[in-house]
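Peer 1: structure of the sequence below:
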Amino acid sequence: MIYLNGKKVEFIEFPNKERRLDLPENMLTDIDYTSVTTQIDSSVNKVYWKYENDASIFELLLFDDAINSYDRFYDLYIGYMPYSRMDRVQEKGTAFSLEILTAILRDGLKSLDYMFILDPHSEITLQQFPKRYTNKYRNHYNWVHEFKHISNIDNDNKYEFAKDVIDYTKLDINKAWFVFPDKGAATRYNADDYPNVIICEKVRDFATGKIQQIKAHIEKQTTSPEKDAPIIIIDDLCSYGGTFVGAIKAIETDLKIKSKNNWLIVTHAEEAMMEANIPNTFNKVFSTDSIATTSDAISMSSQEFDENHQFYVKSVLDIIKRLHQWYTLSQLVYSLSF
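Peer 2: Sure thing, here's the model as predicted:
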């Protein structure tokens with residue numbers, strides 16, 4: 001699925017599933033290559049790409065070629081980077097899927113200017129796109145970032161979904177436990193920003209790599225959360241959620257901390273989590289719609305927090321709008337105040 005300047009791009013599908021794109025020029029901003037600087041420009045076309053299946057990859061390539069025919073370019077926002085979990089070769093006979101995909105994008109996107117990726121699964125994703133690499137089609141440098149405030153693009157002020165959830169729920173962080181599934185997540189999501197921190201450790205079978213046990217320890221405690229204080233797990237992605245369920249059990253077993261108020265905050269969530277124990281373990285689940293959305297989820301973009309509800313979702317389009325305004329021919333007003 002592709003949105004150009006806030007409007008959905010429609011593809012024609014033939015009976016044999018081939019796709020065709022007729023991109024109207026009036027969907028584009030009236031700016032060409034020669035009239036903008038190499039810095040992020042308020043008039044550049046803004047594109048949100050949501051991966052739905054492998055056909056989405058080809059649609060993005062078709063779109064890029066169509067926009068190139070108008071001699072225009074664009075900033076690309078990616079919610080969930082597909083194949084980001086397949087970020088290495090595990091053993092002979094397996095493919096380095098992420099490397100294959102990023103090679104396709106690096107070589108195939110002729111009109112790309114800046115690329116922004118929302119909470120990529122690992123640093124390897126960004127490493128596949130050198131921070132600045134030359135677009136061979138335009139003799140131009142491309143820049144790849146995680147989502148950041150556009151007003152200060154080259155610092156580390158990146159968007160964090162967990163902080164957004166805390167603001168949305170008006171949670172008092174001094175009255176909660178914040179849990180990170182491993183040390184990597186603790187570093188990534190700035191565990192030092194939270195007063196009461198639990199870090200988990202996965203014990204794996206050396207031969208198979210499968211998780212045998214999850215252990216939990218208190219890394220930091222600066223306040224005294226009361227009984228049934230929220231236990232909040234923060235991570236990037238939930239599939240079936242076995243690690244998160246295991247983390248809750250480890251906290252109960254190892255630390256004797258138990259709550260009736262378990263929260264899960266993940267930037268990306270798959271529908272598979274509804275088939276597992278996530279709904280039975282967590283009474284509040286927060287995610288974006290970068291992959292899937294439960295049908296009864298409350299919209300964090302348009303509805304107030306309801307303590308009695310279980311599922312909440314934030315629109316990636318809304319996140320993008322907060323970080324950088326969409327532009328159309330009729331609205332070329334730029335604001336850096338979010």
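Peer 1: contacts and neighbour counts: CA atoms only from here.
Peer 2: Noted.
Peer 1: biggest strand in the protein by residues?
Peer 2: Using DSSP state E to define each element, the chain has its longest strand at strand 211-221.
Peer 1: following the chain onward from that strand, which element is next?
Peer 2: Moving toward the C-terminus from strand 211-221, the next helix or strand (DSSP states H and E) is strand 231-238.
Peer 1: and whichever helix or strand comes after that following strand, what does it pack against?
Peer 2: Moving toward the C-terminus from strand 231-238, the first helix or strand encountered (DSSP H and E) is helix 242-255. Using 3 or more Cα pairs under 8 Å, 6 or more residues apart in numbering; DSSP states H and E, the elements in contact with helix 242-255 are strand 211-221.
Peer 1: distance from whichever strand or helix holds W263 to the middle of the chain?
Peer 2: Using DSSP H and E, W263 sits within strand 262-269. Its chain's C-alpha centre and that of strand 262-269 lie 12 Å apart, by Cα atoms, centre = their mean, to the nearest Å.
Peer 1: tell me the strands beside that strand, with direction?
Peer 2: Strand 262-269 sits in its sheet next to strand 231-238 (parallel), strand 284-288 (parallel), going by DSSP bridges.
Peer 1: JSON lines for those, including mean pLDDT and mean neighbour count?
Peer 2: Output for the strands paired with strand 262-269, formatted as JSON lines (pLDDT from 0 to 100; neighbours: other Cα atoms under 10 Å):
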{"stretch": "strand 231-238", "mean pLDDT": "95", "mean neighbour count": "23"}
{"stretch": "strand 284-288", "mean pLDDT": "94", "mean neighbour count": "24"}
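Peer 1: tell me which of those strands sits nearest to R20.
Peer 2: Nearest of the strands paired with strand 262-269 to R20, taken as Cα to Cα: strand 284-288 at 29.2 Å.
Peer 1: burial of L171, as a residue count?
Peer 2: For L171, the count of nearby residues is 12 (other Cα atoms under 10 Å).
Peer 1: and for the one 3 residues further on?
Peer 2: Number of residues near N174 (other Cα under 10 Å) recorded here: 16.
Peer 1: wait, isn't it in contact with N196?
Peer 2: Yes - using Cα atoms under 8 Å, N174 is in contact with N196, at 7.3 Å.
Peer 1: mutual contacts of those two, please.
Peer 2: T223 (Cα atoms under 8 Å, 6 or more residues apart in numbering).
Peer 1: so how far is the longest helix seen in the chain from its chain's centroid?
Peer 2: Secondary structure assigned by DSSP state H gives helix 54-69 as the longest helix of the chain. Centre-to-centre, helix 54-69 and its host chain are 21 Å apart (Cα atoms, centre = their mean).
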